[in-house]
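>>> Mind folding the following:
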Amino acid sequence: CPSFSGSPRDFAQFKRNFNALVNVPGRPAVEIGTNLVNAIPVKYQYLLANLDLTEHVKMMDILVEKFGQSCLVVEDIINQIEKMKTVSTNKGFIEFVEKLERFKLDLETLGVLDQIATISTGGKLEARLPPLIYVDWGKIVASES
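Below is the predicted model of the structure:
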């Protein structure tokens, strides 16, 4: 059974995996509900405490309302961008690019990439680039304007 971390960024993938692996035709509703309750962190199980274990559809609706809104993912990504430090090593640059790729994938999955593709966010990312890459990036942007 897939498990959910409690992070809105992980919810869409968790829901897809849960529905593919657990919420399948022929499986008893109580088993699906039990697996769903056990898949979420203990600190969020209170959200489902008042529902019968057979009400897995209502349980998932509650989780979608709490964790599945795209605005939560966008907000989380913007917060992570703001916490990023300026890249100063080759390894740090690779980690920076990998993190940006994960951001992009998460946003594309939800269809909200355009919500974060702003001048403000771009400026925050540019400010974290290593100095030489920042200069080269500035040249590319200037030539393509």
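>>> So which residues of this protein form helices?
Using DSSP state H, the helices of the chain run over 8-21, 29-39, 56-67, 70-83, 90-110, 119-126, 131-144.
>>> Could you dump these into a markdown table and include distance to Asn50 and mean neighbour count?
The C-beta positions use only the backbone N, C-alpha and C, and glycine is treated the same way. Output for these, formatted as a markdown table (distance: least, C-beta to C-beta, whole Å; neighbours: other C-beta atoms under 10 Å):
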| stretch | distance to Asn50 | mean neighbour count |
| --- | --- | --- |
| helix 8-21 | 21 | 16 |
| helix 29-39 | 12 | 17 |
| helix 56-67 | 10 | 17 |
| helix 70-83 | 23 | 15 |
| helix 90-110 | 29 | 14 |
| helix 119-126 | 39 | 12 |
| helix 131-144 | 52 | 10 |
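>>> separation between Arg16 and Asn23?
Separation of Arg16 from Asn23 (C-beta to C-beta, to the nearest Å): 11 Å.
>>> cool, and Val135?
The value you get for Val135 to Asn23, if C-beta to C-beta is used, is 51 Å.
>>> And Asp61, how far from Trp137?
Taking C-beta to C-beta, one finds Asp61 at 44 Å from Trp137.
>>> Among the helices of the chain, which comes closest to Ala49?
Across the helices of the chain, Ala49 has its closest neighbour in helix 29-39 (8.8 Å, C-beta to C-beta).
>>> Identify the residues contacting the residue nearest to Val22 when sequence neighbours are not counted.
Nearest non-adjacent residue to Val22, counting by C-beta to C-beta, 6 or more residues apart in numbering: Asn35, 4.9 Å away. Under the criterion of C-beta atoms under 8 Å, 6 or more residues apart in numbering, the neighbours of Asn35 are Cys1, Phe18, Val22.
>>> Save these as TSV, and put in distance to Cys71 and pLDDT too.
Below are the contacts of Asn35 laid out as TSV (distance: C-beta to C-beta, whole Å; pLDDT from 0 to 100):
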residue	distance to Cys71	pLDDT
Cys1	28	90
Phe18	22	94
Val22	27	95
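>>> Among the residues you listed, which one sits closest to Leu47?
When these are ranked by distance to Leu47 (C-beta to C-beta), Phe18 comes first, at 15.3 Å.
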